[in-house]
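# everything below, folded, please.
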Amino acid sequence: MEEDRLNILKDLLVSEEHTLEELKILVEKSKTFLKIESKSGNIILSSEFDFTVLERIALYLIGSYFSKELGLNEEEQITSRSIGDNINVAQTTLSGPLGELVRKKIIEQKNNSYAIKYYEINNFLDALVEKYITKKTNLKKRLGRPRKSKSRKKIVNSKKEAEVINLEEDNFIEERLKEQNIEKNDFDSIYNISAWHIIILRGFKGSTYAESHIKSMLLLMTAYKLLTNKDEINSSLIRKMLQQSGVPNLPALTTTLKNFTTFIIHKRRAIGSTKTSYGLTALGFREGIVLIKDIINHTSDFKIEFKQKIRLERAKPIYIDYNILQKNISEFAKEYKIEEEKLKLTFDFQTDNLRLLKKPKEKIRKTQQIKALMLLGIVLKKIYHVDSFNGKTLLKYNNITYDRLDLLDGNKDYDNYFSKKSKTAMELNHAGQIEAIQRLKKFLDEEENGKK
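Residues are numbered from 1 along each chain as shown. Model (predicted):
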């Protein structure tokens, strides 16, 4: 009987060879959509596809799984905040798709850390291949071969594009990279050499549009020279590459480059000509190599200076994990000797926002605004651990008038208790925090007495 049971159960066993073969298939499917930086283990999602937020979350977790399998970032806890930071999605936008993945049991959550379920990886990748690869291929087949253009201009452009198609097939790329002391794997973590274009995956974003323009142009033109040994490229083609890489504000590119002609030269032709191009100077190539190495090694040897745009400080979005929120409420109530139940009857504690369930009863608009901002501000500070907040947005969400909020800057109470940023990133100063605690206790007592 026991032997029969074992024979039945043996059907569940898989050999290591089968498991490794399955892993190889998963890696092959993943390569199209993501890469892993060899030194840091950072996950780089392909910019070639317009992924939804849900898809980006799942792909990031798939990449994290492979990264840990490679022995990189083994101890890292993947929280919702770390996911948002790595895929550039605000917490308020992230929570919905993240919750959907948990509900569908594609990912699991343990102690505020998220992970992809191994047996769901293949299904998810198959869905992406069907959506982004198979359908595109079938569409091209249905459309048939494009007609040959009679225009000479079109033939010239096609020739240019054909050179790009063959770039990834050139064997001399590794030799060229070795000459510059760059590893092929590291190079591939920055670029996606697709069937038609060179796409930058990371490293070009700056604090100004000008910085993003120069970095992206140097990265593209340096890669183009390494791949083809040519330092001149058609302007239409490189603009298309910049657009696909996600470089912002491209209409201002020509204006930006006028100030950096020692690195990149715009070679103009007659008005309307398709032969305009950009040329990379020797100094530009040198700086491009430095920039590539900076991205790979996380160094700061790239020395081109840019004028910094002065930006207003903005409040960060509110977000806190539900379990941490409940814990913080209890600790706050205990520390300041406030009944926890009173707090929960007065405030609607949400993971991505905060609402007063009853408005302060003040006849003067300014007084009501200041009191509401103090009550909400101290709770955000002590429970949500949010230092600064947008006063206008917070009052609007709480259905409290936010008209003439700019006039608060001249109010004595406001000056004593707040920083002077009522519409951007206001915050309670030390005196304001002490006063807000007293006003909160008084407000809770007034509400309780009012009920009696």
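# going forward, measure contacts between C-alpha atoms and count neighbours the same way
Fine.
# how close does the spatially most central residue of the chain sit to E21?
Centroid check for the chain by CA atoms, centre = their mean gives N88 as the closest residue, at 1.2 Å. Plainly put, N88 is 33 Å away from E21 if you go by CA to CA, to the nearest Å.
# for I44, same thing?
Taken as CA to CA, the span from I44 to E21 is 24 Å.
# for these two, indicate the residue with more neighbours.
For the pair I44 and E21, the greater number of neighbours falls to I44 (20 against 11), based on other CA atoms under 10 Å.
# where does pLDDT dip in the stretch 251-400 of the chain?
The model of the stretch 251-400 of the chain has pLDDT under 70 over residues 268-274, 306-314.
# where do the strands sit along it?
Per DSSP state E, counting those that start in this stretch, the stretch 251-400 of the chain carries strands over the ranges 264-267, 277-280, 347-349, 354-356.
# okay, domains of the chain per the record?
Domain ranges of the chain: 13-135, 154-297, 322-451, per automatic domain parsing.
# dump the strands of the stretch 251-400 of the chain into JSON lines; add mean neighbour count and distance to L177 as well.
Shown next, in JSON lines, are the strands of the stretch 251-400 of the chain (neighbours: other CA atoms under 10 Å; distance: least, CA to CA, whole Å):
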{"stretch": "strand 264-267", "mean neighbour count": "18", "distance to L177": "21"}
{"stretch": "strand 277-280", "mean neighbour count": "20", "distance to L177": "18"}
{"stretch": "strand 347-349", "mean neighbour count": "17", "distance to L177": "55"}
{"stretch": "strand 354-356", "mean neighbour count": "19", "distance to L177": "53"}
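# closest one to K396 among those?
Among these, strand 354-356 comes nearest to K396, with 10.2 Å by CA to CA.
# partner strands of the closest one and their direction?
strand 347-349 (antiparallel) (DSSP bridges).
# give me the residues contacting the partner strand.
Strand 347-349 is contacted by residues 354-357 when judged by CA atoms under 8 Å, 6 or more residues apart in numbering.
# average pLDDT across stretch 115-122?
Averaged over stretch 115-122, pLDDT sits at 88.
# who's in contact with it?
26, 58, 61-62, 65, 78, 105-109.
# going through those residues, which ones are buried?
26, 58, 61-62, 65, 78, 106-109 (16 or more other CA atoms under 10 Å).
# re earlier: distance check, the residue nearest to the centre of the chain against Q350.
22 Å.
# picking up where we left off before, between the contacts of strand 347-349, which is nearest S40?
L354 (37.0 Å).
# and that closest one, how close does it get to N229?
Counting by CA to CA, the gap from L354 to N229 is 58 Å.
# now stretch 242-258: buried residues?
242, 244-248, 250, 253, 256-257.
# who's in contact with the longest helix that the chain contains?
As assigned by DSSP state H, the longest helix anywhere in the chain is helix 430-451. When contacts are defined by CA under 8 Å, 6+ apart, helix 430-451 is touched by residues 338, 342-343, 346, 374-375, 378, 416-418.
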